[in-house]
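**Student:** Build the 3D model from these lines:
(chains A and B)
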Amino acid sequence: MRLLRHLLSTLALGLALPAFAAASAVVTTEQVRAELVVHAPQGITPGSEVWVGLAIDHQPHWHTYWKNPGDSGLPTTLQWQLPAGVSAAEIDWPTPQRLPIGPLVNYGYEGKLLLPVRLAVPAGFAADSLPVKLHADWLVCKDVCIPESGEFALDIPARAASMGRGADFDAALAARPAPAAGARASASLADGALALRVDGLPAAWQGKPVAFFPETGGVIDNAAKASASWQGAQWNVRLPLSDQRSESPTIMPAVLTTPGEPRGLRVEVAISGIWPAPGAPAAAPAAAVAPVAPAAGASLSLAAAMLFALLGGVLLNLMPCVFPVLSLKVLGFASHAHDRRAVVASGLAYTAGVVLSFVGLAAALLLLRAGGEQLGWGFQLQSPAVIAVLAALFTLIGLNLAGVFEFGSVLPSELATLRAKHPLIDSLLTGVLAVAVASPCTAPFMGASLGLAATLPAAEALAIFATLGLGMALPYLAASLWPGLARALPRPGVWMARFKVLMAFPMFATVIWLVWVIGQQTGIDGAAALLATLLAIAFIAWALGTPGIGGIARAAFGAVGVLGLAAALAWMLPAFDAAAAPAPHAESGAAWQPWSEQRVAELRAAGKPVFVDFTAAWCVTCQVNKRTTLSKPEVMADFASRGVVLLRADWTRRDAAISAELARLGRNGVPVYVLYGTGSSAPQVLSEILSVSQVRDALARL
Amino acid sequence: MRSIVRLTAVAATLAVALPVFASVSVGQPAPAFSATDTAGKTVSLADFKGKTVVLEWINPGCPFVQKHYNSANMPATQKKALSEGVVWLAVNSTNTGASDYLAPTQLAGWMQSKGAATTATLMDADGRIGRAYGARTTPHMYVIDAQGKLVYAGAIDSKPSTNPADIKTATNYVNQALGETLAGKPVSVATTQSYGCSVKYSD
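**Tutor:** This is a model prediction of the structure:
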C-alpha cells in the first residue's frame, strides 16, 4: 500500500516536473506543433552566420499566414531574445499558397512549414554556446481562427554541429522565391487596375499561367479575376485594385509562380502613374467608380464636378485669353442678326466646335496619360513652338480685321467662297480656336474639377470636359436661341467696319501677351526673334493679300517677304531650342528659392515651415497673385517673422517633377499655393485667388 | 442575328447584376440595404436618412472581435457614438452553414452579455450587405455621413493583433472618423486595411 502511494506520488512528480521546466524548443497545441530549430553545421564561429527558424507542423486543413496575409488574418511574428552583439534578420518567407475562402483570398501555409531566420554572430563571440529565446505569435485558422503563441528556448553549442534538421532547412531555403535575375516588372495605373508587364522571365514559363502574390497588402483586390496574357516573352496582367485600397506604393515587391515552379521569382514592381486619392476628403469629390450593386447613375460627386465645370466654362469667357475670340463671335452675330435660323445654327455650331475641342483635348490628354506621360492642363502653352504659331495666327487675324489684307485674295477662290457658303463650319472653327487659347486659364473653382478629371475613368473625365465646353459656349448659344437677345443686336451698317477694325486691337493685345510668355520661356532674344518672324509674316500677308497691287509687284514683295521670314526663322528656331531653363525672372529680392522635392523634404526635416508657389508665366491668375498678394509688405513680413522658406515651382516649361507633385496634391493646373507647417500635419492648400487675409490666417494657424 | 445580339445583351446584364464582389469605395454613396435584426424587426439604411451611421461587422466566434468586446473597447466606442446621435448597426454576415453561426436570439444574448450598445444588430446570413460593402473581416468598420456618403472604411484601430494590451496604444479610427465627420471636417484617414478573421460568406 505504501509502495503504491510512493509510486503514485513519484509518477505524479514526474508528470508535473516538465511543467516547471524552462521553456523548451517545442510548443504543441491542438492545431500545430511548433518548434524552434537550428542549422549550424560548423557550430558557431565568430563573425559567421547561423540559421535558426520556427518549424510549424499544421494539423490537416489548418493554416497560418504569409507576410501579406491577404483579405484577412495576421502574419506569424517572431521576437528574439539574443545575447549581446547577435542580431536576427527578418523571416525569409517561403513562397505561400493561395487560400481562397468563399469570395475572399488569403496567402499562407498548410502542412509542414519552416520559417528560416539568419542570425549574425559578432566577431568577438567566444562563449561555449549561444542561448536563443523566442516569443512567437501566430494566427492559425481553419474555418475559425485561433491566435496562439509560444515561448521557445534553445542553446546552440558552439563547437558541435547542429544539423539534425538539415533536410528541413534545405527544403525551406529552396522554397523561398528565387531572386529576379533578368526579370523586370513595371506597372502603370489604368482605370481602377494595375496594368503589369514583366519581361525577362525564364523561357520555360512562356505560355503558362502565372500566379501573382503581392508582398504589399491593401493595394490589389486579391480575389478579383485578373486577365493575363503572354505577348511573346512578355507577361501582361491587369490586376484590379481594391475598392477600399489603403496603400499607394511606388514600388511593390511581389512573388510570381507558375505550375512546375512553385518557389517562383521575387520581383520589384515599379509603379508609374498617379494613384487616385484613396478615400478623398469631402472637400473635393473623390474618384467615382459606379458600383455594380443598387445605386445606379452618376454619383453625387460627378454631378457636382460637372456643375462646377459648367460654371467654370461660363467664367472662362471673361478671361483675357478668350475675350479676343469672343469679339470675333459677336461680329458674326452682328452680320447675321436678321436671319434667325442662321444665327441659331451658328450658335449651335459654335457650341459644337467648343464642346468637340474640349472633348478632343480631353481625349488627347487621356491618350497621353495612358501613354504614361505626365501632362498638365496648360500643356499647349508650355512649348515655345506652339506659342509662336498661335502668335502668328492672332497676328494674321488682327491684320485681316484691321484691313491690311483680305482673305479672299490669299486663299484659293473655292476656299474663300466655301467659307462664305458654310458659315456653320466657320462658327465651328471659331469655337475650336477659342478653346485653344482658353486652356491655361483655369478658373479658380475649376482647379479641383480638373485635378479630379485627370484621375477619373475616361468616360467621366470626358463628361466633365464636355460640360466645361458647354459652359463656355453657353452665353453665345443663349444669344443665338433667344430672338429677343439677337434682335437687340444693332443692324448692319458702317459701324461694322469700324467695329471690325476695333476688334483687331484685342487680337494684338493677345499677341503681346504671347510674346511676353515666349520671353519668359526663351529670353529676350527669343521674344525679339518672334517679333521679327511676325513682322515677316505680316509683310507676306500684305504682299499677297492686299488688293490693288499688280502681279509683278506682288511677286517681288512676296519674295522679299519670304526671304525675310527665312531669316527671322533662322534666328528664332535656335533661340527656342535653348533647352536650358530660362534665367529666373526678376523676383522681389532673393526671397524666393527654386522648388524641388528634396529641398522641401530637407526643410521640413529641419523643422522649417515652407510655402510653395506653383506658377507659370502663361498663367494669368498666377501673375496677378504674384503682383498683388505675394508682393504686399505685410504678407512678406508675416512670412519672415515665422521663418517660412519661400519656394517657387516654375511650370512655364514642361517639368515632370512639378507635374507629379501637382497630381499628388490633387490638381492639374496652376496656380497652386501650399503651406507646410512644422511637425507632420497635412499641408494646407490655399485657394487659387489668393487673398491677403487668407495667407495671413493660414500663417497665424502655424 | 438580332436574337444573338439580344441574348448577348441579356447575358451581359445578368453577368453584371449577379452578386459580384465589386463593392463600394470611400467617397461614393453608401449602398442601400434592408435586413431583419435580432429582434425580428426589418431595418433599412433609409430609416436613418440624415444621420451619421456606423456599420460594424461582427462574429462572436472570432478572437479579434472578442479582443474588442472582452476589453470593453467596442462597447465603449458604441456608447460614445450613440451619445453623439450616431446610429450604430452591427451586421453579422456569417452563413447559416458555418460552424460559428449564431441564431438571432443567441447573437442578441451575446451582445447583451458584453454590454454592447447598438441601435440594431442585423442578420445578413446570405451575405448581401457584406458583399455590397466589401466586408472582408470581422471586425470591419464603415462610417456613413449624414448625406449618405461612405467616409470611412477599414479597421477599428491601428494595431492589428489579438492582444487586448494593444488597444490603449492604438488609434481608434472610428472615434477619429466620427469626430471629424460630426464636426463637418473631411476624414483625415479614410481607408485603412481592416484586420480580423474572414467573414464567413456562403460559397
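**Student:** ok, the closest residue to residue B:48 other than its chain neighbours to chain A distance?
**Tutor:** Of all residues not flanking residue B:48 in the chain, residue B:87 sits nearest, at 4.6 Å (CB to CB, 6 or more residues apart in numbering or on different chains). Bear in mind the C-beta positions are built from the backbone N, C-alpha and C, glycine included. Distance of residue B:87 to chain A, computed by CB to the nearest CB, to the nearest Å: 19 Å.
**Student:** didn't residue B:87 look like it was pressed against residue B:51?
**Tutor:** Yes. Using CB atoms under 8 Å as the test, residue B:87 is close enough to residue B:51 to be in contact (5.1 Å).
**Student:** which stretches of chain B form helices?
**Tutor:** B:2-17, B:63-70, B:73-83, B:104-113, B:128-133, B:173-182 (DSSP state H).
**Student:** on that earlier part again, quickly list what the residue nearest to residue B:48 is bridged to.
**Tutor:** residue B:53 (DSSP bridges).
**Student:** Format the CA atom coordinates belonging to the strand or helix carrying residue A:399 as CSV.
**Tutor:** In this structure, residue A:399 is located in helix A:384-402 according to DSSP states H and E. Only the C-alpha atoms of helix A:384-402 are listed here, as CSV (Å, rounded to 0.1, in the frame of the first residue of the first chain):
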residue,chain,number,x,y,z
PRO,A,384,7.5,77.8,-77.5
ALA,A,385,6.7,76.4,-80.9
VAL,A,386,3.0,76.3,-80.1
ILE,A,387,3.1,79.8,-78.7
ALA,A,388,4.9,81.1,-81.8
VAL,A,389,2.3,79.5,-84.1
LEU,A,390,-0.6,81.0,-82.0
ALA,A,391,1.1,84.4,-82.1
ALA,A,392,1.4,84.2,-85.9
LEU,A,393,-2.3,83.2,-86.1
PHE,A,394,-3.5,86.0,-84.0
THR,A,395,-1.3,88.5,-85.8
LEU,A,396,-2.8,87.4,-89.1
ILE,A,397,-6.4,87.6,-87.8
GLY,A,398,-5.6,91.1,-86.3
LEU,A,399,-4.2,92.3,-89.6
ASN,A,400,-7.2,90.9,-91.5
LEU,A,401,-9.6,92.7,-89.1
ALA,A,402,-7.6,95.9,-89.5
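**Student:** so what secondary structure elements neighbour it?
**Tutor:** Under the contact definition 3 or more CB pairs under 8 Å, 6 or more residues apart in numbering or on different chains; DSSP states H and E, helix A:384-402 sits against helix A:423-438, helix A:494-502, helix A:504-545, helix A:551-577.
**Student:** so which of these comes closest to chain B?
**Tutor:** For those, the distance to chain B is smallest for helix A:423-438, at 29.4 Å, taking CB to the nearest CB.
**Student:** Need the mean per-residue confidence for the closest one.
**Tutor:** For helix A:423-438, the mean per-residue pLDDT is 72.
**Student:** Could you tell me the angle between the direction of that helix and that of helix A:384-402?
**Tutor:** With axes from the mean of the first three to the mean of the last three CA atoms, to 10 degrees applied, the angle from helix A:423-438 to helix A:384-402 works out at 130 degrees.
**Student:** Output the helices and strands packed on helix A:384-402 as TSV; include the columns distance to chain B and mean neighbour count.
**Tutor:** Formatted as TSV, the helices and strands packed on helix A:384-402 follow (distance: least, CB to the nearest CB, whole Å; neighbours: other CB atoms under 10 Å in any protein chain shown):
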stretch	distance to chain B	mean neighbour count
helix A:423-438	29	21
helix A:494-502	49	13
helix A:504-545	36	20
helix A:551-577	43	15
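**Student:** Between those, which one is closest to residue A:612.
**Tutor:** helix A:504-545 (19.3 Å; CB to CB).
**Student:** by contact count, what packs against that closest one?
**Tutor:** So helix A:504-545, by 3+ CB pairs under 8 Å, 6+ apart, packs with helix A:323-336, helix A:384-402, helix A:407-410, helix A:551-577.
**Student:** Helices of the stretch 551-700 of chain A, start to end?
**Tutor:** A:551-577, A:597-605, A:620-627, A:633-641, A:656-664, A:692-700 (DSSP state H, counting those that start in this stretch).
**Student:** Could I get the buried residue list for the helix holding residue A:399?
**Tutor:** Buried positions in helix A:384-402, judged by neighbour count with 16 or more other CB atoms under 10 Å in any protein chain shown: A:384, A:387-388, A:390-402.
**Student:** re earlier: can you lay out the helices and strands packed on helix A:384-402 as a markdown table showing distance to residue B:44?
**Tutor:** Output for the helices and strands packed on helix A:384-402, formatted as a markdown table (distance: least, CB to CB, whole Å):
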| stretch | distance to residue B:44 |
| --- | --- |
| helix A:423-438 | 47 |
| helix A:494-502 | 64 |
| helix A:504-545 | 58 |
| helix A:551-577 | 65 |
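**Student:** Among those helices, which comes closest to residue A:659?
**Tutor:** That would be helix A:504-545 among the helices and strands packed on helix A:384-402, by CB to CB, at 16.6 Å.
**Student:** relative to helix A:551-577, how tilted is that closest one?
**Tutor:** Using the same axes, to 10 degrees: helix A:504-545 against helix A:551-577 is 130 degrees.
**Student:** how distant is helix A:504-545 from the center of its chain?
**Tutor:** From the chain centre to the centre of helix A:504-545 is a distance of 36 Å (CA atoms, centre = their mean, to the nearest Å).
**Student:** how many degrees apart are that helix and helix A:620-627 in direction?
**Tutor:** Using the same axes, to 10 degrees: helix A:504-545 against helix A:620-627 is 130 degrees.
**Student:** for the residue found closest to residue A:87 once you drop the neighbours it is linked to in the chain, what are its contacts?
**Tutor:** Among residues not flanking residue A:87 along the chain, residue A:120 sits closest, at 5.0 Å (CB to CB, 6+ apart). The contact partners of residue A:120, by CB atoms under 8 Å, 6 or more residues apart in numbering or on different chains, come to A:49, A:86, A:87, A:88, A:89.
**Student:** show me what contacts the closest residue to residue A:251 other than its chain neighbours?
**Tutor:** Leaving out its chain neighbours, the residue that sits closest to residue A:251 by CB to CB, 6+ apart is residue A:268, at 5.5 Å. Counting by CB under 8 Å, 6+ apart, residue A:268 touches A:180, A:185, A:251, A:252, A:253, A:254.
**Student:** what residues go with each domain of chain A?
**Tutor:** A:19-176, A:179-272, A:300-577, A:592-700 (automatic domain parsing).
**Student:** re earlier: how far off centre is the helix holding residue A:399?
**Tutor:** Relative to its parent chain, helix A:384-402 has a centroid offset of 34 Å by CA atoms, centre = their mean.
**Student:** Please apply the same query to stretch A:612-629.
**Tutor:** 23 Å.
**Student:** The spatially most central residue of chain A in helix, strand or coil?
**Tutor:** Geometric centre of chain A, nearest residue: residue A:274, 2.1 Å, by CA atoms, centre = their mean. Classification of residue A:274 by DSSP: H, G, I helix; E, B strand; the rest coil places it in coil.
**Student:** which one is it nearest to, not counting chain neighbours?
**Tutor:** That would be residue A:663: by CB to CB, 6+ apart, it lies 4.3 Å from residue A:274.
**Student:** can I get the helices of the stretch 551-700 of chain A in a markdown table with mean pLDDT?
**Tutor:** Formatted as a markdown table, the helices of the stretch 551-700 of chain A follow (pLDDT from 0 to 100):
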| stretch | mean pLDDT |
| --- | --- |
| helix A:551-577 | 86 |
| helix A:597-605 | 85 |
| helix A:620-627 | 84 |
| helix A:633-641 | 89 |
| helix A:656-664 | 83 |
| helix A:692-700 | 88 |
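**Student:** Tell me which of those lies nearest to residue B:92.
**Tutor:** Of all those, helix A:656-664 sits nearest to residue B:92, with 39.8 Å by CB to CB.
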